[in-house]
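Asks: output the structure for:
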Amino acid sequence: MSFEKFCAKCGETTDALIHGLCADCYLKRHELFEVKEIKIERCVKCLKIKFKGNWQNYFEDAVANEVVSKVKPMHGLDQPKIFVELNPLTENDFAAQITVEGFLDGVLLKQTKPIEFSLQKVSCDACMKLVSNYREAILQLRAPTQSEADAMLEVAKQLLVSEKEKNSLSAAIKIFSAKNAYDLWIGSNKGAVKTARKLAKLYKTKIIVSQKLIGQEESGKRKYRFTYCIKSGK
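Replies: Numbers count the residues shown, from 1 in each chain. So this is what the prediction gives:
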């Protein structure tokens, strides 16, 4: 002899019961998941976003992944799957539909919630340094004529743009001009070195390197500022 199973709340006949309730009635009383506070920092200058202590280039999938990491399925939900659909409202404001599905007592449940959140506007460490004229290196460009010096400067700027995508400090903070010459203050020594090497290869010349002691770190290690000079037409 078999007995029909029915929902203790709405009376619907079904074999898919969770603690005596059908899926619809259970979901009216219980939350399948909760969303922890979403805190994502975005630099107002370079527009990079910060994840797990690291600054990286902004892209929407990274924001969605961070939202997923803040979703906590209810205890006991088997094989939970999390889906996030982002809808940018402004440059820093988002609406999102979060859907979680999984099995409870062998019954497949699915629940969707809308949320809204905003990226926090800050200045990253690199941009704060650049604003304060922080520089680790000077790139000197020297040429036989002003037009050649101008051309070298444009090439150097393009190379630095490429380097800045990898390291925000690889930027020309200030540019000083003289006859047939330019001096560029560069935030990152690594960025300056790579740019100098590419320029030297392009103009088939050598890099003249010098350094100046500018201080000492807490560890006792000496700090130097490097100068890389590129002379074309030599």
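Asks: need the contact partners of stretch 128-146.
Replies: The contact list for stretch 128-146, computed with Cβ atoms under 8 Å, 6 or more residues apart in numbering, reads 45, 123, 149, 151-153, 156, 168-169, 171-174, 179-189, 191-193, 195-196, 199, 225-233. For every residue, glycine as well, the C-beta is placed using N, CA and C.
Asks: and for stretch 12-23?
Replies: 4-10, 24, 26, 29, 104-105, 107-109.
Asks: specify which member of these is nearest to residue 88.
Replies: residue 109 (29.3 Å; Cβ to Cβ).
Asks: and the closest one, how many residues sit next to it?
Replies: Residue 109 is flanked by 21 other residues according to other Cβ atoms under 10 Å.
Asks: please type out the ChimeraX selection for whichever of the contacts of stretch 128-146 turn out to be buried.
Replies: Selection of buried members from the contacts of stretch 128-146 for ChimeraX, criterion 16 or more other Cβ atoms under 10 Å:
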select :149,152,153,156,168,169,171,172,173,180,181,182,183,184,185,186,187,188,189,191,192,193,195,196,199,225,226,227,228,229,230,231,232
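Asks: identify those among the contacts of stretch 128-146 that sit within helices.
Replies: Among the contacts of stretch 128-146, the members falling in helices are 149, 151, 152, 153, 156, 189, 191, 192, 193, 195, 196, 199 (criterion: DSSP state H).
Asks: and residue 68, which of the three is it?
Replies: helix (DSSP: H, G, I helix; E, B strand; the rest coil).
Asks: return the per-residue confidence for it.
Replies: Looking at residue 68, its pLDDT is 94.
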